[in-house]
Structures are given as structure tokens and as C-alpha cells.
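1. the amino acid sequence is not available; the structure is as follows:
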């Protein structure tokens, strides 16, 4: 019988691929676990302006606040900064013939999107995040 427990190590969520597949929608699984990207302008939160907190769709880790969200015109929800810096990890991504900075959930290592240095003040950053990686908890 497969182990269906979720393990946490140093605040990390560790699940089997089968557990992730059972708990996430096909699009969430593709984005969070396989580093896919949803089509631009197709995501649930691209034009959502409700106040709230965006958490990881995989593990519930707090990622972004709605007051840091802005319309970048890029086709994905964009934020100037994470809600808590330590809740996101960044890694160099050299896939698809580009050099980018990938953004990951620090708790479950789920792929969220990428961060670019072309955002508005005060940070000058644009966290370009897949809607499928997020869940909005409205205020």
C-alpha cells in the first residue's frame, strides 16, 4: 500500500508524485511540478482585482499580497514583491534558450513563474506568476 502521508522536513512539504497528481488539477500539476507555463492571458487571476492573499496552490504557503499586484500587460499575474521574502526561492533558469530567474515556493519547491528586473517601484521587480500556482484567499 502506498504511503499517503505528507512529510515535512525543516518546514518543507514532501509528497510523492502520485500524491501531487491526486491533489492538484492537471494544470496545477503541470505548472507546479513539471515547470509548465499556462498560456498568456488565460489564467484565473490575470485580471482579478480582489483584495487578499495569494497562497501556493500546492501547499498553502503565503506568497503574495494583492496590494503588490499590478497590471504589467505580460499575460500573467504580476507582483512587485513576495509577501515574505523567505517564502519564495529563486534559481537560475537556462531553459528555452534564455537566461531567467525562476521563482519557486520555498515550502514545496513548486514552480511559480519567473522574476524580471523590469517592474515598477519601489522594487523594480516583476514577479510573473502562473495563476495555476496560486490560490487567492480574499480579505
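-> Perfect, thanks for sending it. Quick caveat: nothing in here was measured; it's all calculated off a predicted structure.
2. can you give me the strands for the protein?
-> 7-9, 12-14, 52-56, 62-65, 69-70, 78-79, 88-93, 100-105, 111-116, 126-129, 134-138 (DSSP state E).
3. look through this protein and tell me its longest helix.
-> Scanning the chain for the longest helix, with DSSP state H as the assignment, gives helix 26-34.
4. give me the average confidence score over that helix.
-> Averaging pLDDT along helix 26-34 gives 98.
5. can you check stretch 123-139 too?
-> 97.
6. now do the same end-to-end measure for stretch 46-60.
-> Its first and final residues considered, stretch 46-60 spans 19 Å by CA to CA, to the nearest Å.
7. which stretches of this structure have low pLDDT?
-> Along the chain, segments meeting pLDDT under 70 span 1-10.
8. about what we covered before: so which elements touch the longest helix of the chain?
-> Here helix 26-34 touches helix 17-23, strand 111-116, going by 3 or more CB pairs under 8 Å, 6 or more residues apart in numbering; DSSP states H and E. Just so you know, the C-beta spots here come from the backbone N, C-alpha and C atoms, and that holds for glycine as well.
9. change it to 10 Å
-> helix 17-23, strand 111-116, strand 134-138 (3 or more CB pairs under 10 Å, 6 or more residues apart in numbering; DSSP states H and E).
10. and the last one, what's buried?
-> What it means is strand 134-138. 134-136 (16 or more other CB atoms under 10 Å).
11. likewise stretch 106-124?
-> Using 16+ other CB under 10 Å as the burial criterion, the residues of stretch 106-124 that qualify are 106-116, 119.
12. and if you look at stretch 34-51?
-> Applying a neighbour-count criterion of 16+ other CB under 10 Å, one finds 35, 37-38, 43, 45-46, 48 buried in stretch 34-51.
13. check stretch 68-85 too.
-> 68-69, 72, 76-83.
14. need the distance between the two termini of that stretch.
-> Stretch 68-85: ends 13 Å apart by CA to CA.
15. quick one: residue 88 from residue 127, how far?
-> Residue 88 sits 8 Å away from residue 127, going by CB to CB, to the nearest Å.
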